[in-house]
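Novice: Sharing a model that was predicted from the sequence below.
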Amino acid sequence: MAIIVDKVQKKKDIALACKNLFVANSLKELTVAKIALTAGISKGSLYDYFENKEDIIFELLHIMLNEYDTQKKAQLESTCKTKEKIKIFARFFYADETKELREIYKDFISINLTTPNKGMKAFQSECFTRYFNWMREIMQEGINKGEIIQESIHIAKGLFALAEGLFIASSTTNTINDLETELNTNIDTIFSLIEVKQ
C-alpha cells in the first residue's frame with residue numbers, strides 16, 4: 001500500500017530542518033545539495049516541494065512569523081499602556097529572542113528586492129497590512145482609553161515603517177550603534193507629542 005504524504009506538513013518539516021543552516025549562512029553560500037543533505041532528503045525530493053532555495057526561506061519565514069505572532073500577542077496582552085505595546089512591537093528588530101527570525105527576514109527582504117515573485121510580494125503585502133492593522137488597533141485602543149490624542153491614529157503606519165526603516169539602516173550602514181536605544185528614544189519622543197496631557 002502506498003504511503004500518503006501530507007505535502008503541506010512535509011514542506012514545513014523540510015524548512016524547519018534547514019532553519020539553523022539558513023540562520024548561520026548567507027543564502028548565496030548555500031547550495032541545493034547542502035540544503036537537501038541537511039533536510040535528509042535527495043535534491044530531487046527537495047524539488048518536489050520547493051522550486052528553489054529562496055522558496056524555502058519563504059516557507060521558513062511564514063512558519064516563524066506565525067510562531068512569533070502568537071508570542072507577541074501574549075506579550076501585548078500583558079501590558080495595558082499604549083507606549084509599552086508599541087515598544088513590544090519594536091522589540092522584533094533588536095531582541096535576542098527574535099535574532100534567528102531577523103536573519104531569515106533579512107534574506108527574505110533581499111530576495112524580495114532583487115528577484116521578487118508574485119507570491120513573495122503578496123506575502124510581504126499581507127504581512128505589512130496585518131502588522132499595520134495590529135498597530136492601528138493598539139493606537140485606537142490608546143485613543144479610546146484617553147492616553148493619546150485622536151490624531152494619533154494617522155501615524156500607526158508611520159510607527160511601523162519607522163521601526164522597520166531603522167532596522168534596515170542599522171543592518172546596512174554604520175549609522176546606528178544601538179538600535180534598541182534608537183527605537184525607544186524615537187517612540188518616547190513621538191509619545192511625548194501625542195500623549196494626552198493631564
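Specialist: On my side now, so go ahead.
Novice: Now for Ser170: which residues touch it?
Specialist: Taking C-beta atoms under 8 Å, 6 or more residues apart in numbering as the criterion, Ser170 is in contact with Phe93, Ile176, Leu179, Glu182. C-beta here means a position set from N, CA and C on the backbone, and glycine is covered the same way.
Novice: end-to-end on stretch 30-43?
Specialist: One end of stretch 30-43 to the other measures 13 Å (C-alpha to C-alpha, to the nearest Å).
Novice: So for that stretch, what gets flagged as buried?
Specialist: Leu30, Ile35, Ala36, Thr38, Ala39, Ile41 (16 or more other C-beta atoms under 10 Å).
Novice: Burial check on the residue lying closest to the last one once chain neighbours are set aside, number of neighbours?
Specialist: Leaving aside its sequence neighbours, Ile41 sits nearest to Ile14 (C-beta to C-beta, 6 or more residues apart in numbering; 6.8 Å). Using other C-beta atoms under 10 Å, Ile14 has 23 neighbouring residues.
Novice: if I look at Ile14, how far off is Gly40?
Specialist: Applying C-beta to C-beta, to the nearest Å, the value for Ile14 to Gly40 is 9 Å.
Novice: unless I'm mixing things up, Lys53 is touching Val32, no?
Specialist: Yes: assessed by C-beta atoms under 8 Å, Lys53 is found in contact with Val32 at 5.9 Å.
Novice: overlap in contacts of those two?
Specialist: Counting by C-beta under 8 Å, 6+ apart, nothing touches both Lys53 and Val32.
Novice: Leu16 belongs to a strand, doesn't it?
Specialist: No: judged by DSSP: H, G, I helix; E, B strand; the rest coil, Leu16 forms no part of a strand; its state is helix.
Novice: how near is it to Leu61?
Specialist: Look at Leu16 and Leu61: by C-beta to C-beta, they are 12 Å apart.
Novice: circling back to that earlier point, of the contacts of Ser170, buried ones?
Specialist: Phe93, Leu179, Glu182.
Novice: Restricted to strands, list those.
Specialist: Per DSSP state E, strands hold no members of the buried ones among the contacts of Ser170.
Novice: Of all the residues in the longest helix seen in the chain, which ones are buried?
Specialist: In the chain, taking DSSP state H as the definition, the longest helix is helix 118-144. By 16+ other C-beta under 10 Å, the buried positions in helix 118-144 come out as 120, 123-124, 127, 131-132, 134-136, 138-140, 142-143.
Novice: for stretch 68-86, what is the average pLDDT?
Specialist: Across stretch 68-86, pLDDT averages out at 93.
Novice: do stretch 17-31 as well
Specialist: 90.
Novice: Now do the one helix or strand Ser45 maps to, average pLDDT.
Specialist: Element membership for Ser45, per DSSP states H and E: helix 43-49. Averaging pLDDT along helix 43-49 gives 92.
Novice: quick one: low-confidence parts of this structure?
Specialist: By pLDDT under 70, the low-scoring segments of the chain are 1-5.
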